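In: build me a model from this:
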Amino acid sequence: MLSVRVFCYFLLVSFLWVGDASKCPLSFNCGNLGKQIQFPFTSSDRQDCGLLAIHGCGDEDPNYPKFIKHAENWFEVVELGQSNTFTIKDQEVHDLLLSGSCGVLTHSLPFSDPANSVFASYQLENNFTVFECNNTHNLNPIESYSNYSFVNCSKVFYRKSLNNLEGDDDDEASRFLNSYCKRVEVPIAENIEVVDNSFVLLSENITIRVQLSPQCDTCHYVHGGQCQDSKGRFYCAKGMV
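Out: The predicted model follows:
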């Protein structure tokens, strides 16, 4: 008799858990970021309803800054775009650009860690490849590249043409620069023209695309469930996927 009661108790708890997960709103209001914010984003008071919690959505002032926490650091959310993209401001990059420091080349960009979770991976959308080269080398690569010398720092080479940011590197130039220089990904400003000063190319605003894992995508969009972490393993609140 006791075993039957225990079974009924756990069955009831499981139904309540699934029922609670299904109560997640389809969208929520987040001030100046919009009124139809949807999964994978969520508000900080319903962190069980999404993968990226935005803090500050409930503030009385709709223009109050909103923040996302990543790797123990806080980043202001500048914009939520289409197709699971969002733009954040990296204050450290801002300060480095303001001071003209070449430390921007060694700064670790947020969400750039190649390690992916069981829920999603992140891809930087406005990154641009530059080559950081030692000033002691007298480098004069292919004409398709410009160079800029930082004060008391490295020389940086980057493509003159920004029409295609990836995949169109000249093979000879790429081999040449990879032999002598360090390849670095930096965030680039929107609607920028080719300039001589590479600092003008850079931006503290970083656009990131959220790519859901197949399990999480199926859980949420097919089964209407919530992606959960059960002791490091993926779990769908409406059943295993």
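In: use CA for all of it now, contacts and neighbours both
Out: Will do.
In: mind telling me what element the closest residue to G103 other than its chain neighbours is part of?
Out: The shortest distance from G103 to any non-neighbouring residue, by C-alpha to C-alpha, 6 or more residues apart in numbering, is to L96 (6.6 Å). Taking DSSP states H and E as the definition, L96 sits inside helix 91-99.
In: residues contacting that helix, please?
Out: 75, 102-104, 107, 199, 202-204 (C-alpha atoms under 8 Å, 6 or more residues apart in numbering).
In: give the buried residues for that helix.
Out: Of all the residues in helix 91-99, those buried under the rule 16 or more other C-alpha atoms under 10 Å are 92-94, 96-97.
In: all helices for this structure, in order.
Out: With DSSP state H as the criterion, the chain has helices at 2-21, 91-99, 171-180, 198-201, 214-217.
In: whichever of the contacts of helix 91-99 end up buried, select them in PyMOL.
Out: Buried residues among the contacts of helix 91-99 (16+ other C-alpha under 10 Å), as a PyMOL selection:
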select buried, resi 75+102+104+199+202+203+204
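In: okay if I get the contacts of helix 91-99 as TSV plus distance to Y64 and pLDDT?
Out: Shown next, in TSV, are these (distance: C-alpha to C-alpha, whole Å; pLDDT from 0 to 100):
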residue	distance to Y64	pLDDT
F75	14	97
C102	32	79
G103	30	84
V104	28	85
H107	27	87
F199	29	66
L202	26	85
S203	22	90
E204	19	93
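In: in strands, which of the contacts of helix 91-99 fall?
Out: Secondary structure from DSSP state E places F75 of the contacts of helix 91-99 in strands.
In: including distance to K69, could the contacts of helix 91-99 go into CSV?
Out: Below are the contacts of helix 91-99 laid out as CSV (distance: C-alpha to C-alpha, whole Å):
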residue, distance to K69
F75, 6
C102, 26
G103, 23
V104, 21
H107, 18
F199, 27
L202, 23
S203, 20
E204, 17
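In: and stretch 95-114, how far out from the chain's middle?
Out: 15 Å (C-alpha atoms, centre = their mean, to the nearest Å).
In: ignore the last one, stretch 179-186
Out: Stretch 179-186 sits 21 Å away from the centroid of its parent chain (C-alpha atoms, centre = their mean).
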